[in-house]
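Q: Just need the structure, nothing else, for what follows:
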Amino acid sequence: MSAETAAGGIGRPERLRIITGHFDPVHAEHARHLRALRDGSCTVVVLTDSDAPISPQRARAEVLAGLGSVDFVVTMNGASVDALLLQFPAAEVIRDEKADAARTRKLMEHVHRKQEMT
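A: Just a heads-up that it's a prediction; the model follows:
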């Protein structure tokens, strides 16, 4: 969904929490992390970028949207994170790109170790 659509569709939630990241590929650690960031009174919006070498943006958005802890997914479509965040002025923003990259690196290292064992 576009940022304009999300900003209009969200309305005025009591608490809005936006999480940014690559989510490439989306994996269980992402699901656990997003669930931990969720609390009962907030609306969770995930911003995912279009720059991803493994999974297409639409596929990542569909998987993220299917998580029970995510209310909206906004695809950046080449826009900058900062530009999109201007459309959500009252939000709590969690810039998660670096931590997300570390989670993905950890997954890739695990996969490589498993491959070396075979």
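Q: Centroid-nearest residue for the protein?
A: residue 46 (4.0 Å; CA atoms, centre = their mean).
Q: Bridged to it, which residues?
A: Taking DSSP bridges, one finds residue 19, residue 73 as the beta-bridge partners of residue 46.
Q: Now for residue 71, how many residues are close by?
A: Using other CB atoms under 10 Å as the criterion, residue 71 is surrounded by 19 other residues. For every residue, glycine as well, the C-beta is placed using N, CA and C.
Q: Mind pulling up the pLDDT for it?
A: In this model, residue 71 is scored at 92, pLDDT.
Q: can I have the longest helix seen in the chain written out in CSV, keeping just the CAs?
A: Counting residues, the longest helix found in the chain (DSSP state H) is helix 97-117. What follows is the C-alpha trace of helix 97-117 in CSV, where atoms were taken according to Å, rounded to 0.1, in the frame of the first residue of the first chain:
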residue,chain,number,x,y,z
GLU,A,97,17.6,-1.1,9.1
LYS,A,98,20.9,-1.9,10.9
ALA,A,99,19.3,-4.4,13.3
ASP,A,100,17.4,-5.9,10.4
ALA,A,101,20.6,-6.4,8.4
ALA,A,102,22.3,-8.0,11.5
ARG,A,103,19.3,-10.5,11.8
THR,A,104,19.6,-11.4,8.1
ARG,A,105,23.4,-11.8,8.3
LYS,A,106,22.9,-14.1,11.3
LEU,A,107,20.4,-16.2,9.3
MET,A,108,22.7,-16.3,6.3
GLU,A,109,25.7,-17.5,8.5
HIS,A,110,23.5,-20.2,9.9
VAL,A,111,22.5,-21.4,6.4
HIS,A,112,26.1,-21.4,5.3
ARG,A,113,27.2,-23.4,8.4
LYS,A,114,24.4,-26.0,7.7
GLN,A,115,25.5,-26.2,4.0
GLU,A,116,29.1,-26.8,5.1
MET,A,117,28.0,-29.7,7.3
